[in-house]
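1. Return a 3D structure for these sequence lines:
(2 chains)
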Number of protein chains: 2
Amino acid sequence: MSAYRSLFEVAAEIALINSTGSVLGWDQETYLPERALDFRARQLSYLTGKAHGLLSSKRTLKLLEQAEAEVPADATQAANVRELRRALDRATKLPQKLVREESEVCTHAKAAWVEARKASDFARFAPHLEKVLSIARRKAELFGYEDEPYDALLGLYERGAKTREVAALFETLKLQLAEIAREAVAKSCWVKAEARRGRYPIKQQQILNREIAESLGFDFKAGRIDTTPHPFCTTLGPCDVRLTTRYDETNFLSSLFGVMHEAGHGLYEQGLPKADFGLPSGSADSLGIHESQSRLWENHVGRSPGFWHTWLPRAAELFPQLRRVKFDVFMREVLRSEFSFIRVEADEATYDLHILLRFGIERRLMKGELAVNDVPKAWNEAYRDLFGMTPPDDRRGCLQDIHWSMGGLGYFATYTLGNLNAAQLFAAAKREKKITVALEKRDYAPLLAWLRKAVHSHGGALTPQEIITQATGKPTDAKWHIRHLRARYLS
Amino acid sequence: MSAYRSLFEVAAEIALINSTGSVLGWDQETYLPERALDFRARQLSYLTGKAHGLLSSKRTLKLLEQAEAEVPADATQAANVRELRRALDRATKLPQKLVREESEVCTHAKAAWVEARKASDFARFAPHLEKVLSIARRKAELFGYEDEPYDALLGLYERGAKTREVAALFETLKLQLAEIAREAVAKSCWVKAEARRGRYPIKQQQILNREIAESLGFDFKAGRIDTTPHPFCTTLGPCDVRLTTRYDETNFLSSLFGVMHEAGHGLYEQGLPKADFGLPSGSADSLGIHESQSRLWENHVGRSPGFWHTWLPRAAELFPQLRRVKFDVFMREVLRSEFSFIRVEADEATYDLHILLRFGIERRLMKGELAVNDVPKAWNEAYRDLFGMTPPDDRRGCLQDIHWSMGGLGYFATYTLGNLNAAQLFAAAKREKKITVALEKRDYAPLLAWLRKAVHSHGGALTPQEIITQATGKPTDAKWHIRHLRARYLS
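-> A predicted model of the protein is given here:
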């Protein structure tokens, strides 16, 4: 047996352990009884330890070295060896002591964050953020970076991304996005809430959500939808992809767009090469690619007039109050834009501004240009700069996100990279006439087939920028996203 | 650290792995998407292999030998060392080759059984049963036994039980049970189905089931109820006990008694010493004890007039059609008895006859007194002997149970042992006046407290017969069960 083949078996075993952890994690979010949480944490940390031990074992290292010495059979094999090396290095570069310290710091930071947010009192969270930041800096040094420490964190979520380049990209976006957001919000002020009248029973919402997810191509024989306070998508095995959503009985669009978003993630996961499950080539590439899939289905497909031309009549069967709503009025509701202090409540036209703000703050924190205690001030200034308003308190300002308390510095940028990739991929797909024609007829199979081929089938065998470049002819470029937003919100 | 302490840590680690397997198993029965089954089987067999490897490792054996040489701190420690030895011997006595062979034989046997049952064609199942039997015989030889090979199988489920003694016990029961069953069924012929009219919406059933389970003492912060085709109870951790039930919209008693039965198992699991989770002293004792808990709550509490005096009014709030039903009429419905060809549909008054039949057939198969091909004939003769009728086909005869196809020979007897133990324990508990008084007032806490002390708190530190003897003054004796059935069905 070749070393590569043996290495594959190790990777498959690690995937078996990690996917078991995903089952436990999914259950924790959906059905776990309250008092079972402590033991669940022990089960999960046991599995994490086993997977880490296997990845960083001497045998795995030796197999990897042997596989690196072999002539790769093809580009996929070469990519897998390269990516397994990256994973192994990452797993071994951090001493166990630091991993444990981070886990402990974050446990306390998360609890403090919950309290601080409730009381809107940043001072309670500040000392914890200080510790999280110090660990992030140490991690960046251990992982290594080219230009600045933030690269090492960003790279955890977006392979190959450079802070400097992302910053430049975001800088070109800033003024245009702020202008689009302002005009979109101004236009929405006049939209009456006609399409929001009445109750939308959860059972009926579930019927519509399922029909739509199925029509997009989500395979319910290899997946399901459950209910959680915070929607997510998780993969429990090569044929087991689970979405969640939440319901608002006064607004069916909330759960529906949630499902379309998560189904976008789910379609990507269901489209990965199953035979390579556990290998980089059988795993999702990066968050910026993952988010491109969710945003593409949610925003580009789901919020388009073509989509609602065919689906509004069906929605009106399930929710009779919609029968009296005119199509244009309904679409204005679908595209309603409002300034929100809270990122997760932001709409398509204003969302990226929230990301630009966070990216800037994180980068300055990591560079040491911004002190933790000055975060609220910096946040509020940046918010005013972008949105023309000041958050009324830190709860609706710098304390709103869970990410920092979990050590997730470097994560936020991928949301906007996802939006940019979504627009660029969708524009490229629409160059194929049959895709556009099919979309108008509620036929999403040609679009899905295009995405399967251009994105899903590669898994992580290509880098994010290789995927985008092969699929669209160019690396990630903001112009498609801007063009899309202008067409949708300013015309 | 003492060897015992180190051994405890190994046992806790095995429990961590096995409880993770229980999460996966629960999910498989409740929410797993269809196409995810293959991968789930791989995850589960991986965990089983890991747990087995840990238990049968040289290190564990050495720790066990050292712990055996230590002076035990108390009787619990002594029992734990003794029981871990039994578990380790059992895990190591079977060569891996046989374990794999059994798993493979059973996979095919189960598939063949499904087909054979559907077609009511025993010949399709016979060659597989032959193989299962041959493996059972080899296992019995490897495990060892005193009197006859069947002892080794029975002992897997009921520690310390002897085939000869169980056979003698069942022999004394046979005629009395057959007489009780006949009369109970004859009386029920005259019961009109008045209490069965109308629909019982599932949502309302769930409200009642939960209220009742909660009132018995089932802790929903450490457990839950879901829906499956076959009800069960499973433990996912020291504070995570999950029940399932199924619903019949024409008969709320079906799901309710199902929940009371499973809640009986669940109360036992929730009452085990949590600090000993993973040790024999923190685990359920035997199936005959487990089943005594489910039957006690389901039959002795749940089917009593005192129970319905307080709960029927509440049921009538949820199901208005019950308002017009007189108490006596309702109770006749609760205690309706019918001869059934199918064991799982049998009622309290006829159930044990099904067990006696199976026990006799299994014992004769193992002894070589009965050939596999003669099972249908022997089954039908025994059925006629006990019930006075012949099953119309093998689907409703010897092909009805899944147990043999899964290699579960030796299991059935524990159902009736559970019934006997339930009656004996309940009679002992009721000697305490305050328990009887409380029961009439819908207060189940004193009964539960008695069971916690007499049964649950011991886990597997006592043998089943030690538990029954300490709690009731005598080892398992059939007279309480017979007395109970006579009082309920023949008076």
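
2. which bits of the stretch 1-150 of chain A sit near chain B?
-> Applying CB under 8 Å from any CB of the partner chain, we find that the stretch 1-150 of chain A lies next to chain B at A:13, A:16-17, A:19-20, A:23-24, A:27, A:31-36, A:38-40, A:42-43, A:46-47. (C-beta placed from N, C-alpha, C; glycine too.)

3. Give me the PyMOL select line for these, limited to the buried ones.
-> To isolate the buried ones among the residues of the stretch 1-150 of chain A next to chain B in PyMOL, judged by 16 or more other CB atoms under 10 Å in any protein chain shown, type:
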select buried, chain A and resi 13+16+17+19+20+23+24+27+31+32+33+35+36+39+40+43+46+47
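
4. Buried residues in the biggest helix by length in chain A, which are they?
-> For chain A, the longest helix by residue count, based on DSSP state H, is helix A:3-30. Of the residues in helix A:3-30, A:3-4, A:6-8, A:10-11, A:13-28 count as buried by neighbour count, 16+ other CB under 10 Å.

5. again with stretch A:326-338
-> Applying 16+ other CB under 10 Å to stretch A:326-338 flags A:F330, A:M331, A:R332, A:E333, A:V334, A:L335, A:R336, A:S337 as buried.

6. what sits up against it?
-> Contacts to stretch A:326-338, defined as CB atoms under 8 Å, 6 or more residues apart in numbering or on different chains, come from residues A:181, A:184-185, A:187-188, A:191-196, A:253, A:303, A:305, A:308-309, A:312, A:322, A:347-350, A:488-489.

7. Could you identify the buried members of those?
-> Applying 16+ other CB under 10 Å to these flags A:181, A:184-185, A:187-188, A:191, A:195, A:253, A:303, A:308, A:312, A:322, A:347-350, A:488-489 as buried.

8. those strands in chain A, which residues are they?
-> Applying DSSP state E to chain A gives strands spanning A:223-227, A:233-237, A:240-245.

9. Run a quick neighbour tally on the residue nearest to A:K367 when sequence neighbours are not counted.
-> Counting by CB to CB, 6 or more residues apart in numbering or on different chains, A:K367 lies nearest to A:E148, which is 6.4 Å off, once chain neighbours are set aside. The number of residues packed near A:E148 is 16, by other CB atoms under 10 Å in any protein chain shown.

10. residues touching the nearest residue to A:Y383 once chain neighbours are set aside, list them.
-> Nearest non-adjacent residue to A:Y383, counting by CB to CB, 6+ apart: A:P391, 5.7 Å away. Listed by CB under 8 Å, 6+ apart, the contact partners of A:P391 are A:F341, A:W379, A:N380, A:Y383, A:G397.

11. redo that, cut-off 7 Å
-> A:F341, A:N380, A:Y383, A:G397 (CB atoms under 7 Å, 6 or more residues apart in numbering or on different chains).

12. May I see those organised as a markdown table, with pLDDT, neighbour count and distance to B:L279 added?
-> Below are the contacts of A:P391 laid out as a markdown table (pLDDT from 0 to 100; neighbours: other CB atoms under 10 Å in any protein chain shown; distance: CB to CB, whole Å):
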| residue | pLDDT | neighbour count | distance to B:L279 |
| --- | --- | --- | --- |
| A:F341 | 96 | 18 | 53 |
| A:N380 | 97 | 18 | 56 |
| A:Y383 | 96 | 21 | 56 |
| A:G397 | 97 | 21 | 51 |
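
13. Which pair in those residues has the greatest spatial separation?
-> A:F341 and A:N380 (10.4 Å; CB to CB).

14. which residues are in contact with both of the two?
-> Residues touching both A:F341 and A:N380 (CB under 7 Å, 6+ apart) are A:P391, A:G397.

15. Give me the contacts around stretch A:259-273.
-> Counting by CB under 7 Å, 6+ apart, A:209, A:212-213, A:216-219, A:222-223, A:225, A:231-233, A:235, A:241, A:243-245, A:281-284, A:290, A:293-298, A:302, A:448, A:452, A:456-457, A:459 sit against stretch A:259-273.

16. Run the chain-centre distance for that stretch.
-> 11 Å (CA atoms, centre = their mean, to the nearest Å).

17. Let me know how buried the residue in the stretch 51-200 of chain A positioned nearest to chain B is, in neighbour terms.
-> Residue nearest to chain B within the stretch 51-200 of chain A: A:L54 (11.5 Å; CB to the nearest CB). Under the neighbour criterion other CB under 10 Å, A:L54 is assigned a count of 16.

18. nearest spatial neighbour of it, skipping sequence neighbours?
-> Nearest to A:L54 is A:I14, by CB to CB, 6+ apart, at 5.4 Å.

19. Pull the contacting residues for the one you found.
-> A:I14 touches A:A51, A:L54, A:L55, A:G278, counting by CB under 7 Å, 6+ apart.

20. got the buried residues of stretch A:326-338 as a markdown table, with pLDDT columns?
-> A markdown table is the format used below for the buried residues of stretch A:326-338 (pLDDT from 0 to 100):
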| residue | pLDDT |
| --- | --- |
| A:F330 | 93 |
| A:M331 | 94 |
| A:R332 | 92 |
| A:E333 | 91 |
| A:V334 | 94 |
| A:L335 | 94 |
| A:R336 | 92 |
| A:S337 | 94 |
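
21. Chain B: which of those is nearest?
-> Proximity of these to chain B (CB to the nearest CB) peaks at A:V334, which lies at 30.4 Å.

22. Could you check how far that closest one is from A:I207?
-> Look at A:V334 and A:I207: by CB to CB, to the nearest Å, they are 19 Å apart.

23. Check A:L490 and give its pLDDT.
-> On pLDDT, A:L490 comes in at 90.

24. Settle this for me: it is touching A:R182, isn't it.
-> No. Taking contacts as CB atoms under 7 Å, A:L490 lies outside contact range of A:R182: 10.1 Å.

25. And those two? Which one has more around it.
-> A:R182 (17 against 12).

26. show me the contacts for the more buried one.
-> A:R182 touches nothing, counting by CB under 7 Å, 6+ apart.

27. Would you map out the domains in chain A?
-> Using automatic domain parsing, the domain parsing of chain A gives A:3-93, A:120-491.

28. Just say which of the ones you listed is most tucked in.
-> domain A:120-491 (a mean of 19; mean count of other CB atoms under 10 Å in any protein chain shown).

29. Span of that one from start to end?
-> This stretch, domain A:120-491, spans 39 Å end to end (CA to CA, to the nearest Å).

30. can you give me the offset of it from its chain's centre?
-> That offset, for domain A:120-491, works out to 6 Å (CA atoms, centre = their mean).

31. ok, for A:Y444, nearest residue in space, not its chain neighbours?
-> Nearest-residue entry for A:Y444: A:L216, 4.9 Å, with adjacent residues in sequence omitted and distances by CB to CB, 6+ apart.

32. didn't the one you found look like it was pressed against A:A445?
-> No. Using CB under 7 Å, A:L216 makes no contact with A:A445, being 9.3 Å away.

33. In terms of pLDDT, where does A:K192 sit?
-> 69.

34. just the one 5 residues further on next, same as before
-> According to the prediction, A:R197 has pLDDT 79.

35. Next: A:L129.
-> A:L129 carries a pLDDT score of 97 in this model.

36. and the closest residue to it other than its chain neighbours, what does it touch?
-> If the residues on either side of it in the chain are set aside, A:L129 comes closest to A:V372, at 5.2 Å by CB to CB, 6+ apart. The contact partners of A:V372, taken as CB under 7 Å, 6+ apart, are A:A126, A:L129, A:E130, A:L133.

37. Can you name the residues of the stretch 201-350 of chain A sitting close to chain B?
-> For the stretch 201-350 of chain A, the contact set with chain B under CB under 7 Å from any CB of the partner chain comprises A:F220, A:K221, A:A222, A:G223, A:R224, A:L236, A:G237, A:P238, A:C239, A:D240.
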